[in-house]
Structure formats: structure tokens, C-alpha cells
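Q: Here is a sequence with its predicted model. Questions after.
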Amino acid sequence: MAPPKRHHFVPEFILRRFCDARGRLHYFDKRRPSLGVGTTSPRNQFVETNLYSLRLGPQRLDPRLETTMSKLEGEAAPITASIVAHARLGLCPNLTPEQKALWDFFLITQLKRVPDFLDSVMPQREFDALLSVLLQQFAEEVRPPDHTEIERLKEPATLVRLQHNAWLLSMTKPATVLTGILGDKGLVVARIAKTGKSFITGSRPVVKLNYPGRSMLSDPTVELWLPIAHDVAVSPGLSRGMRD
């Protein structure tokens, strides 16, 4: 069976919890404000063709990362359902240590897997400058690249491909420091009880809240919220084992 080409960067199992009674998702695209608010299926929102496929060359794609993402979503979905169900009853989620570790990994991945994250971490112009530095380093430590290699690297399509692949490969590397920080924290769960009010999700669904100059997640004042339903959102917070 051919691997799927449509890759969601916000999981469908989360999007379905923002749908109306007819299963429709209401959305607003800030890139096209004149269109106003539209409705669609969760299947058609926050999805790109071959987003998580490594681009090895023209018509050569490696989709293995999408398989990894799908497996992670399958493991995170029941944990998310449990958090939502407990929150709606006013109860703590009571995750096992294994479930908490998996949730932390899912949150880290969700933070990094959206296209907007790449643009915020390293815009194209910064990547171009970094590539120039790496070429100079290669020339000094290995050999000077020949004219053909340099011209190929300067091609816009090649630069985009290299940046895309670097982003995907960064997602496969363990975020050891961040994992340790989240492991020392518990979960803060917020629920909206008032009818007519709702959380929203978006193309960058993890929202970081911090004071100016205090952005490290190890800082107890920093919050990292992920809405997982129209009425439930979750953030790392407090110390592990504490209740409030």
C-alpha cells in the first residue's frame, strides 16, 4: 500500500474536538481575510502534501517520518481522550509515568512539527547565511567545492529542499533538555465551563506565555498551552506530584 501523501500537522483527533454538531470545523485564514469564516472537514484543515517526506531529489521522497508521526498520534490519542474526559468531570487526569512521558514527547513534537515553527526559528535568509558559513568550513577542512556544486546549492529549489530536510531531521533528534524539564513538571488542565465560550486552535496550536526576558521553560512562570478540545487546554506546570 502506498504511503499517505496528505500529512496533517495538527492531528485530526484534536481537530474533531473543535467541530460543531454536524462535524464541521469553522476556520478563518488570516492570509485571505476577505473570505471571512468558512467551514470544512477536519480532514481538509492543517494538511499539506508530503510535508513530512524527506526530499532526496526530484521525484524522490522518503515518507518514513510521517509513519513515525502517525504512530505517535495513535499512542497520544487515548491519553488526550482521558485528559478531556477527566477535565469535564472536574478530575485530575491521573496519568501513569509512561503516559506522562509520552504526553510530554507529543507536546514537544507538536511544538516543532508545524510549518510556522520553521519560519520562526530560522527564516530562509538566515538559513542562506548559515549555508555560506558551512560551505566555507567545508572548503577549509575538506576541499574547496567545485563551481558546479556551488551553483547547484544556490538554486532556490535546492535551498528550500535542504532547509526542509534539516527541519525534519531536527524532529528525529531527542530533545533531551526539554524532555528533562517537562519530566520535572506536572500538567495544568484548564476547562471552560461557560456556555458560548471556547478555545481555538490554529496553524501553530502550542501557545507560549511568558514575561519579557523570561522565556526558558524551566522558569516556573512560563506556560506552554495546547488546546486539545473546544473546552480543554493543557500546559506543563507545577512540580511533578503537586496538586492545586
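A: Received the coordinates, thanks. Source: prediction; values computed, not measured.

Q: Only C-alpha atoms, please: export stretch 143-158 in PDB.
A: Provided in PDB are the C-alpha atoms of stretch 143-158 (Å, rounded to 0.1, in the frame of the first residue of the first chain):
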ATOM      1  CA  ARG A 143      38.300  20.600   0.000                       C
ATOM      2  CA  PRO A 144      37.100  23.600  -2.000                       C
ATOM      3  CA  PRO A 145      33.700  22.800  -3.600                       C
ATOM      4  CA  ASP A 146      33.800  23.000  -7.400                       C
ATOM      5  CA  HIS A 147      31.800  25.500  -9.400                       C
ATOM      6  CA  THR A 148      29.100  23.100 -10.300                       C
ATOM      7  CA  GLU A 149      28.400  22.200  -6.700                       C
ATOM      8  CA  ILE A 150      28.200  25.800  -5.600                       C
ATOM      9  CA  GLU A 151      25.800  26.700  -8.400                       C
ATOM     10  CA  ARG A 152      23.600  23.800  -7.600                       C
ATOM     11  CA  LEU A 153      23.500  24.800  -3.900                       C
ATOM     12  CA  LYS A 154      22.500  28.300  -4.900                       C
ATOM     13  CA  GLU A 155      19.400  27.100  -6.800                       C
ATOM     14  CA  PRO A 156      16.200  28.300  -4.900                       C
ATOM     15  CA  ALA A 157      14.700  24.800  -5.100                       C
ATOM     16  CA  THR A 158      17.800  23.200  -3.600                       C
END
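
Q: what's the burial count for Pro236?
A: 23 (other Cβ atoms under 10 Å). From N, CA and C alone the C-beta is placed, and that goes for glycine too.

Q: So for the helix or strand that contains it, what gets flagged as buried?
A: Assigned by DSSP states H and E, Pro236 falls within strand 232-239. For strand 232-239, a neighbour-count test (16 or more other Cβ atoms under 10 Å) marks Val232, Ala233, Val234, Ser235, Pro236, Gly237 as buried.
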